[in-house]
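>>> Build me a model from this:
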Amino acid sequence: MIRPKSMRALGAALLATAALSACNNDEDPIGPVEPGAAVISADITTNRTLSKDTVYTLQGFIKVTNGATLTIPAGTRIVGDFETVGSALFVTRGARLVANGTAAEPIVFTSERPVGSRQAGDWGGLIIIGNATSNRSGTVVLEGTGTGPSNPQQVYSGGTTDTDNSGTLRYVRVEFAGYATATDAELNSFTFAAVGSGTTMEYLQVMNGLDDSFEWFGGTVDGKYFVSYESGDDHFDMSEGYRGRLQYLIAYQSRLVIPRPGAGNASSDPQGIENDGCAGAGCDNGQNSTPLTTPVVANFTLVGPGAGTDVDPTSGGYAMVLRRGTGGYYVNGLVARWPKAALSIRDAATLTRVTEGTFDARNILALETPALFHTNSLADSTARNLVRNTTATAAQQFTTLTLPATSAASFDWTPQAGSLAATGGLATFTGNMATAAGTFVTGTTYRGAAAPGGTKWWTGWTVYYVN
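Sure thing, here's the model as predicted:
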């Protein structure tokens, strides 16, 4: 149910109004909010449209179910109840979320607490479960669910419709999410489980989440224009037969995030990209279980913490980790400041994808990282234009990159004059990469997430806070 004007929710909304009014609009483009408030404390089982003039508090594990559609207009603010731990929004199989924000009025999911007091894991996150295929058979339960009557198991295996439509996400931010509902079972900021290609996702940001910023379990959904700022674990995590196409991704990491007490622990090894084939129960053919994890990931900029930081380099600190039989096509990337290596290919099963033609990495530039490869290397890295430059720095490549980066003014990812990112891209795809990319992903003459002299697509709707 939605309880309008509850005193507790009204107080939360007034706190949010006061805090936001004190912020520079460059830092929070949603601007001041109106004091209307409502608590959502029961599942949404029929079509419902929210109002941007109301601050909504998610109280508990809220599910959009029974085939219902939840519509969220531009400028709406939704907070996770701090006292009802792990409060989260689940869009279950067959239901839809239509969240159409704009650059001027993004839709924001965030902590209930005021600016300056917020921490990773303050609430759960946004979870979407579709009906597309994945590569684990049997009853596969989504991590972080099934912990009790209020948080029943959410099953995402057994899907059959790769064109399934779970709705639209456009200009949506998720902040300070990732509460652990059980030991080592944190919710992600965005979780996409078996989500189909009929779903639209573009202009999404995660800020200070406790677990992965974006995680895909199987499915075929495509996406463009994603930003991840300070992740408690991996910025982009794909597994279990995910075959979507992603273009224009930005990740920035400078430190270990500080979690809310009792919310779980931040990972010691946040990576830029971490992809897996199949692992665990239901992998009927082991790491060769199909469909293979074969995403197309193009035009990514992954900036890590650099050496000597509190991100433990003994157990992580790679720009890209590919393992457990994953494949995929990775092209036109720039990775920098990762303490261990640019590309970690962990096992023979993953190398097998190279000879099969279901794995390819091309036109990737590595800066300020001690090695191009870890564990296994690609013998023809020169032909693939996989390059580690030992003298150039990340800050020299962009119009603005102030380290550490703590505000929107710290970032302008546009390549500056003479930047190594402005050239060296693969403009024309061929073979299996071209087939997988289709018309959704296009080749570019530059590397990284921003075109020289192009649109600064991340401006106006992203924010960058420590707390």
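
>>> Do you know the pLDDT at residue 268?
pLDDT for residue 268: 74.

>>> Isn't it up against residue 316?
Yes: contact status for residue 268 versus residue 316: in contact at 6.3 Å, counting by Cβ atoms under 8 Å. In this view, the C-beta of every residue, glycine as well, is placed from N, C-alpha and C.

>>> The two: which has the busier surroundings?
residue 316 (21 against 15; other Cβ atoms under 10 Å).

>>> The more buried one contacts residue 256, correct?
No: between residue 316 and residue 256 there is no contact under Cβ under 8 Å: 10.8 Å.

>>> Common neighbours of these two, please.
Each of 268, 270 lies in contact with both residue 316 and residue 256 under the rule Cβ atoms under 8 Å, 6 or more residues apart in numbering.

>>> Could I get the full set of strands for the stretch 151-300 of the chain?
Along the stretch 151-300 of the chain, counting by DSSP state E, counting those that start in this stretch, strands occupy 167-175, 190-193, 200-207, 214-217, 223-229, 236-239, 245-252, 273-276, 296-303.

>>> mind putting the ones you listed in CSV, mean pLDDT included?
Output for the strands of the stretch 151-300 of the chain, formatted as CSV (pLDDT from 0 to 100):
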stretch, mean pLDDT
strand 167-175, 99
strand 190-193, 98
strand 200-207, 99
strand 214-217, 98
strand 223-229, 99
strand 236-239, 98
strand 245-252, 99
strand 273-276, 98
strand 296-303, 99
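
>>> ok, and which of those strands has the densest surroundings?
Comparing the strands of the stretch 151-300 of the chain by mean neighbour count (mean count of other Cβ atoms under 10 Å), strand 190-193 ranks first with a mean of 30.

>>> which residues sit against that strand?
125-130, 134, 142, 154, 156, 174, 201, 204, 206, 213-219, 221.

>>> any low-confidence regions in the protein?
The model of the chain has pLDDT under 70 over residues 1-35, 310-315.

>>> if you set the cut-off to 80 instead, what comes out?
Regions of the chain meeting the criterion pLDDT under 80 cover residues 1-35, 183-185, 268-269, 308-316.

>>> which residue is nearest the middle of it?
With distances taken as Cα atoms, centre = their mean, the residue of the chain nearest its centroid is residue 214 (2.3 Å).

>>> Show me what the helix or strand that contains residue 99 pairs with in its sheet, parallel or antiparallel.
Assessed by DSSP states H and E, residue 99 sits inside strand 96-100. Looking at strand 96-100 with DSSP bridges, its partner strands are strand 69-73 (parallel), strand 167-175 (parallel).

>>> what does the first one contact?
For strand 69-73, contacts defined as Cβ under 8 Å, 6+ apart pick out 44, 47-52, 64, 78, 91, 95-100, 107, 167.

>>> Quick one: list the elements packing against the helix or strand following it.
Using DSSP H and E, the helix or strand that follows strand 69-73 towards the C-terminus is strand 77-80. Contact here means 3 or more Cβ pairs under 8 Å, 6 or more residues apart in numbering; DSSP states H and E; on that basis strand 77-80 packs against helix 7-21, strand 54-58, strand 107-111.
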